[in-house]
Each structure stands twice: as C-alpha cells, then as structure tokens.
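K.L.:
I'll drop the sequence and a predicted model, then ask my questions.
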Amino acid sequence: MSAKVKTMDRKGASFQERLYLIEIFKGMATTFGHFLRNLLDNKKLYVRHYPEVQPEIPVRWRGRHRLTTHADGTVKCVACFMCQTNCPANCIIIEAGERLDGKTEKMPVKFNIDLLECIYCGYCVEACPLDAIRMDTGIFSVTDNNRESFVLSLPELLATPGAFSEEDYKKGGA
Amino acid sequence: MFAEALFFGFAVLSVLGAIGLVLFRHPMNGAMSLVVTMISLAGLYALLSAKLIFALQLIVYAGAIMSLVLFIIMFLNIQDSDLPTEKGRWLYQLGGIIVILPIASFLIKIVKSIPGSEATIVGSGFGGVKEVGLVLFQDWLLPFEIVSILLLVALVGAVVLAGKRRMGK
Amino acid sequence: MSLLDIFMFVARVAFAAFVPLCFIAVCVWMERRGAGYFQDRSGPNRAHIFGFRAAGLVQNLADAAKLFFKEDVISGHIEHKFYFVLAPVIVFFTALVSFAVVPFADTLVLGGKSYIMQGIPLDLGILWFLSFVGFGVYGIILAGWSSTNKFGVLGALRSAAQVISYEIPMGLAIVSLLVVYGTVNLNEIAQFQGKLLFGFIPMWGAVLQPLAMVIFIIAAFAETNRTPFDLAEGESELVAGFHVEYSAMKFAIFFMGEYVAMFASSAMIVTLFFGGYQIPFLSTATLISQAKPVAFLLMVIIPVVMYFFTGWVRRSNVSHYPRENDPRVFEATVYIKCFWGLVIILEVLLLAILFSTSGGATAHIFVVLLQVCTFLLKITMMIFVYIWVRWTLPRFRYDQLQKLGWQMLLPLALLNIFITSAFVVALS
C-alpha cells in the first residue's frame, strides 16, 4: 500500500493576499469576534476558575506516586528494584531488608522518591511486577518551600490513598 | 533677562560639549557631548526666533545624524584596548592652543566691535515654516536647487561606491 | 497676568503632563484585559483591595508596588553607569514631551482673551513630534550599548535601525498631509478637519489622505516598537532586547515610556487623520451656539447609556462557579451605585449649562470639556487598535521589516506626495 500524499495549496501568492492589508483586516475581524463575544458575555470564556474550581482528573492521569498495600495493610512491594532500575530520572532509591511476616522474603526498608527529579513518565508503574507502585493519587500539584520535603519516604507513600475505585483503575487500562 | 540667562546657559553648554568632544577618550562620550552641543545650538536658534531652523536642527542633526553616529559606535563596540595610544597628546593640544590663540583673540575683537543688542524673541511670523519656505523658493530658488543637486550627487555616489565593493567580491 | 491666565497655564501643562501618565494605567489594563478577551481567557481578575478589583485595575497597583520595592540592580559589569541610568529617563521623557504640542481642544476664548489648549504653545506641531520621536532612539541605543550584554546590544541595534528607517516613510507621509492642510500647526490642522467635504462627509485626514494614513499608522507602529514590529524584544531570540539588564523602577520607566509613546502616537494619529478633538458634523462654532440643545441631548443620552452599562456590569461581575453570598454581586452593586452617583453629578452640571446665558463663558468651557472628552475617547479607540493588532498579527522577520519600510512604504509615500501635489495644484 502506497502512502497517501496530499498536496497542500500554497497560500499567499494571489494579488489580494500580497496586498497584505486585506488579509490583516480579515484576521483582525476574527480576533475582534472573539473579543466581542467574551466582552458581551464573559461566561463564554474558555477558562476554569482554578483554584476554586478544580480540574477533573481522569483515571489514567499520572499523578503523585503511592505504594499499594495488601488487604491487611502491609506493603506489597518486595524490593525487587525493577522500578529503580527502570527509572530514567534516577529518582527512586530503595533499600531492601528481610521480611519476617512470612508473606515474602524481602521488603523495602527505605523507599524514597525524589519528586524534584521525577519526570512522571510512569515507567515505574509499568515495570512493577506486583502492582505495588501506582500513580493514581490524582495529586497534580506538589508545592513546598524546601527541597527536603519533596523527597517522599515509605510511610508517606503508603499513607496516600488512591483517588479512584479499583474497577475504574483496572478499566483505565493499567 | 530670562532670554539672556538662557542664552548664556546654552552658550556655555555648547562650548562645554565641543570641548568634551575633543577631550573625551571614549568615542561614546565624545558623541554624546556632540549631541549636547547640537541640542544647545538648537536652543540658541530658538532664542533667535528661527523656529524652523530650531526644529530642523533637532530632527536632522541632533536626531537623525547623531543617532546614526551612535548606532555605528555601538555597532563597532570599541573597547578601551582598541583605542590607539596617543603619546604626547597634551603636547599637541598645547600646540593647537598656541596656534589658535591669535585667531581667537582676533575673533573676540571682532565680536566686541559689533554693537550689542537686546536678545528679544520676535513675534509670530518670523522664522516660521511658511516664511522660510517663501524666501527659499522665491528669492533663493537657484542656490537651493544647486544644493539639492549636490546632495543628489552625494547620494548617487554613495550608492555607486557601496555597489562596487559587492561586485568585486 | 491675571489669575485666570495662571490657572489656564497650569491646567494645560498639567493636562499635557498627567493625562499620558494616567493613560499608562488605562493602557496596561486594556492590554491585559483585551489580550485576555482576544484569546478567550479572562485577564487579571484576582488582585483586589477589600474585595474591590475594579475590573482588574487593582492589578496595576500591585505591579507598581512590586516594581517600586524591588531591588534596583546595576550589574557589576556595566562600565558606563551614567548612560545606563540616563537611558530610561530619555525614553520616558521624550515620549512624554512629544505629546506636549498636541492640541486637546479648540482655542478657548474667555473674556476676549484666547487660550491655546496644548501643553507648549508652539506652532511647530508635527516637526516637534518628529524631533522628539527621533530622540527616543538615543535612549534605546544607550540602554542596549551600556548594558554590555549581547542580547541588549542586538535588541538595541534592531530597534534603532527600525526606528531610523521608519522615520523616513513617516516623514514623507506627513509631507503629503502638509500639502493638503497647508500648515504644520496641529491646532490649525484639527480646525481644518472640522469642515465638511461635499457638505456631508467630515473632512478628516483619513478621507482626504487614505494612503498617507495607512503609511503613517504602519510607521507609527514601528516607531513605538509595537507588534508586529516588536522584534527588538523578541522574547524567543533576544530575551527582552535592550532592557534585559534593567530591573525594578528603571525597567518600569522603560515600560511606562513604551505606553506613553503609544499614547502620544495615538494622539498624533487622531490629530492628523481622525479630526483631533473635533466632534464629527459639529464644529466649534456650531457647538458654542447650540450648547443648550447639545447639553439637553447629553442629559438624555447619558442615563440611557449608563442603564445599559450597569446592566452589563451586573451581568459580567459575578463569580462563574457556585458560591454562597457571591461577594462579586455586592461589588457590582457598589460599582453601579458609584456610576449612578457620577451620572447625577453630570446631570446637575448639564442642568447648570441649560440655565446659563447662551454663548457665554459657560458654553465655551462646556465645549472645551466636550472636545477634551472626544479627543480622549478617540485616543482610547486608537490605543485599542494598537492592542487589537498586537493580539492578531505575528511578529515580522527582520529582513521583511526593512523590506516593507524601504521597498514598499517609501515608494508609496513618494508616489502619494506626487499625486497629492498634482491634485492640490490642479484644484487650487
């Protein structure tokens, strides 16, 4: 199958277009239409009144990370280092330790994510074999006034709940 | 009284600007002092009620020509290290002063012999656009046209000279 | 010198000096709100004092306060600190002074004496404007050069070359105008435009000299470094152009100078091409003799206009999301009350005119005030055109800009001079 080639007409060569002023007036008419419409009724502005009106976050939106837990509240992560190896920004730092509750053999003792380094690519979520790390918190704005507080530690990651129900998350294609 | 004070102010400024042009080492300072001279000359013209000349001095000399000069100085971006070392600069200046002194004293004598008169601003009409235009295009038409042809020649010459170098390359 | 003489002198100088300064706030506000509405967004609507945001005007106050209290940095690498400080002053001052010869009302005759309504009573008119526009280049050159910064120098080079080359078509467009008007005095030019062509078209420069108008307006856009000719401060390539190194108040003075220049050149365009202070179809003499009917008409029109305006304020000044006891409704109510108070004051003043002696001093002053309002309204509309063009057209490329100036506008302006002169000679 040969590729479809669509030849676009080259604009701007006709006498009317080369006069330039007529085209300028056409453009100005367009912008003035927008101006007038918004001036007469500013409900028609295409803007959301953030922060009073928050945006709707879709399920597949990659927000801040969280670590998921088993039904009994213990961490799912087995410290396999898949996410850390995969991370292109090198923002995940894991320290593994022995797990004594019999669920698995290994668990993270330290799990730090530096949000200032993170590029929110979602590779860690893709790489995780146990669905232990997710980016479904719906948090899109992380602010603080010192650098240290941007490094998330294990308890913080575990404490944040997901913003969506399990079915919605699964439907989202994760 | 007021006009007198203005006259002295402008006169002193124009002389200071000229001195600055000669004495400043950095070309930008020199050019700026020339601008001061030009503007104070325009003020002197205004005191003589020559309104048109005042405006032309501001537009052409102080405005257009000097801004071109500044433009080129900026373009070349001359640093202090680019300037030539002038040995015996003060000697030259001293020599110049000695040469000029007799001429200057002669000129001062001439100026003193001119009968003094009060500097007054002549009422409307004198020195305006219409009056100068009428004089220029009725009494002095031929010299005016000759001067404009001279300017045209200079213009064509500039274009030819600029074009020649491009062809040579 | 009577007390009245001194008062008129102070009034006209104050008008020429302070109205451009006040219009800076209006211009900045129009630019921001206008830009917002042109681009389907809202513009500044958050900054407020006790909940009163004055449609975004409070944002200007906030900006001014910020710029005023910022640290005024002069970098260590700047050698010529004197020129560095001098440059913004030149830009601002020349822009302000160039407005001084523009008449904002017809000559006021009071008690047999006539008072010229312009900042400096000088009949050089256009020549004065041209000379001070030329001086503005010094500020730009000195700013760029003394910044010792490659972006600054490049921006200044572009800007200076642009201003110098667009001064020529501008001057030539003015020449053909002078042929028509036969004077350089702006007051006489404005009086000339009060006449009617064929008895029903106002004899405005825009009607008599459409080509010169187009050339002059394009050149004026280039002279004030406004889009589409603002490549001196092309953000993507030059950061900010000649004022990269400036901060705090020195930057603010550049910023204000730009808007004052916009105001002054709008005033010039209005005076040269759109009848200056003249109200179309109503010359000064007609207005003075018919002061009472005009005042009565205004008494009727102002409340009607205000009724629709307050309706618009009521509709626009609400929060666009569910909110209990919307404070913006209260805000709108206060505004509407203020506006109606203003209307009542105006009505009382107009009523006083209705009961004054016809053709007396009151009528003269009334006409002057009407003409000042007309003039400012026309200038505001011209400033709106500046803003409108800015948010419509993309920036020119530098060679296209110079090509347009030298290869299109210059020959067109010359052609216009020839045609105009031929017409004037044939008709006279």
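P.N.:
That came in fine, so what should we check first?
K.L.:
C-alpha only now, for contacts and for neighbours.
P.N.:
Fine.
K.L.:
longest helix in the chain, please.
P.N.:
Since no chain was named, I'll use chain A. helix A:21-40 (DSSP state H).
K.L.:
meant chain C actually
P.N.:
Chain C, longest helix under DSSP H: helix C:3-38.
K.L.:
so it versus helix A:21-40, what angle?
P.N.:
90 degrees (axes from the mean of the first three to the mean of the last three C-alpha atoms, to 10 degrees).
K.L.:
does helix C:3-38 come close to chain A?
P.N.:
Yes - residues of helix C:3-38 contacting chain A under C-alpha under 8 Å from any C-alpha of the partner chain: C:G34, C:Y37, C:F38.
K.L.:
which elements pack onto the longest helix of chain A?
P.N.:
Packing partners of helix A:21-40 (3 or more C-alpha pairs under 8 Å, 6 or more residues apart in numbering or on different chains; DSSP states H and E): helix A:15-18, helix C:3-38, helix C:361-390.
K.L.:
in terms of secondary structure, what does the next helix or strand after it contact?
P.N.:
Downstream of helix A:21-40, the first helix or strand assigned by DSSP states H and E is strand A:66-67. Counting by 3+ C-alpha pairs under 8 Å, 6+ apart, the packing neighbours recorded for strand A:66-67 are strand A:133-134, helix A:154-159.
K.L.:
need the ones you listed in TSV with mean neighbour count and mean pLDDT, can you?
P.N.:
Formatted as TSV, the helices and strands packed on strand A:66-67 follow (neighbours: other C-alpha atoms under 10 Å in any protein chain shown; pLDDT from 0 to 100):
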stretch	mean neighbour count	mean pLDDT
strand A:133-134	22	90
helix A:154-159	16	88
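K.L.:
kindly reformat the ones you listed as TSV containing distance to C:F99.
P.N.:
Shown next, in TSV, are the helices and strands packed on strand A:66-67 (distance: least, C-alpha to C-alpha, whole Å):
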stretch	distance to C:F99
strand A:133-134	64
helix A:154-159	63
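K.L.:
now these as JSON lines including distance to chain C?
P.N.:
JSON lines is the format used below for the helices and strands packed on strand A:66-67 (distance: least, C-alpha to the nearest C-alpha, whole Å):
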{"stretch": "strand A:133-134", "distance to chain C": "32"}
{"stretch": "helix A:154-159", "distance to chain C": "32"}
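K.L.:
between these, which one is nearest to C:Q278?
P.N.:
Shortest separation from C:Q278 across those is recorded for strand A:133-134, at 70.4 Å, computed as C-alpha to C-alpha.
K.L.:
which residues sit against that closest one?
P.N.:
Contact with strand A:133-134 is made by A:H65, A:R66, A:L67, A:T68, A:C77, A:C124, A:V125, as judged by C-alpha atoms under 8 Å, 6 or more residues apart in numbering or on different chains.
K.L.:
what strands line up against that strand, and which way round?
P.N.:
Under the criterion DSSP bridges, strand A:133-134 sits next to strand A:66-67 (antiparallel) in its sheet.
K.L.:
pLDDT of the strand it pairs with, averaged?
P.N.:
When pLDDT is averaged over strand A:66-67, the result is 90.
K.L.:
what's the offset of it from the middle of its chain?
P.N.:
Mean-position distance between strand A:66-67 and its chain equals 15 Å (C-alpha atoms, centre = their mean, to the nearest Å).
K.L.:
deepest-packed of the helices and strands packed on helix A:21-40, please.
P.N.:
Mean neighbours per residue, mean count of other C-alpha atoms under 10 Å in any protein chain shown, is largest over those for helix C:361-390, with a mean of 20.
K.L.:
buried sites along the longest helix of chain A?
P.N.:
Buried residues in helix A:21-40, counted by 16 or more other C-alpha atoms under 10 Å in any protein chain shown: A:M28, A:T31, A:F32, A:H34, A:F35, A:R37, A:N38, A:L39.
K.L.:
next one: stretch B:58-68
P.N.:
Per 16+ other C-alpha under 10 Å, stretch B:58-68 contains these buried residues: B:L58, B:I59, B:Y61, B:A62, B:G63, B:A64, B:M66, B:S67, B:L68.
K.L.:
can I get those residues in CSV including distance to C:A426?
P.N.:
Formatted as CSV, the buried residues of stretch B:58-68 follow (distance: C-alpha to C-alpha, whole Å):
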residue, distance to C:A426
B:L58, 34
B:I59, 32
B:Y61, 36
B:A62, 38
B:G63, 36
B:A64, 35
B:M66, 40
B:S67, 40
B:L68, 39
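K.L.:
number of residues surrounding B:E131?
P.N.:
Residues lying near B:E131 (other C-alpha atoms under 10 Å in any protein chain shown) number 12.
K.L.:
can you tell me the SS state at it?
P.N.:
Counting by DSSP: H, G, I helix; E, B strand; the rest coil, the backbone at B:E131 sits in helix.
K.L.:
cool, C:D123 as well?
P.N.:
coil.
K.L.:
quick check, it in contact with C:N185.
P.N.:
Yes - C:D123 is within contact range of C:N185, at 4.9 Å (criterion: C-alpha atoms under 8 Å).
K.L.:
ok, and the most crowded of the contacts of strand A:133-134?
P.N.:
Ranked by neighbours (other C-alpha under 10 Å), the contacts of strand A:133-134 are led by A:H65, which has 26 neighbours.
K.L.:
got phi/psi on the residue lying closest to that one once chain neighbours are set aside?
P.N.:
Leaving aside its sequence neighbours, A:H65 sits nearest to A:M135 (C-alpha to C-alpha, 6 or more residues apart in numbering or on different chains; 4.3 Å). The phi and psi values for A:M135, taken as degrees, to the nearest 10, are phi -120, psi 40.
K.L.:
so how far is the lengthiest helix in chain B off the chain centroid?
P.N.:
Determined from DSSP H, the single longest helix within chain B is helix B:141-168. Between the centre of helix B:141-168 and the centre of its host chain there is 22 Å, according to C-alpha atoms, centre = their mean.
K.L.:
quick one: mean pLDDT for that helix?
P.N.:
In the prediction, helix B:141-168 has an average pLDDT of 85.
K.L.:
try stretch C:172-191
P.N.:
pLDDT averaged over stretch C:172-191 gives 84.
K.L.:
stretch C:325-335 now?
P.N.:
Mean predicted confidence for stretch C:325-335 is 84.
K.L.:
so which residue is smack in the middle of chain B?
P.N.:
Nearest to the mean C-alpha position of chain B, by C-alpha atoms, centre = their mean, lies B:M38 at 5.3 Å.
K.L.:
chain A now?
P.N.:
A:R62 (3.1 Å).
K.L.:
I'd say that residue and A:G122 touch.
P.N.:
Yes - between A:R62 and A:G122 there is a contact at 6.8 Å, judged by C-alpha under 8 Å.
K.L.:
give me the common contacts of those two.
P.N.:
By C-alpha under 8 Å, 6+ apart, the residues touching both A:R62 and A:G122 are A:M135.
K.L.:
any low-confidence regions in chain B?
P.N.:
Along chain B, segments meeting pLDDT under 70 span B:116-125, B:165-169.
K.L.:
how about the residues of it by chain C?
P.N.:
B:51-52, B:55-56, B:58-59, B:62-64, B:67, B:70-71, B:74-75, B:129-130.
K.L.:
closest to chain A among those?
P.N.:
Of all these, chain A sits closest to B:A64, with 29.6 Å by C-alpha to the nearest C-alpha.
K.L.:
wait, is the closest one part of a helix?
P.N.:
Yes - per three-state DSSP, B:A64 lies within a helix segment.
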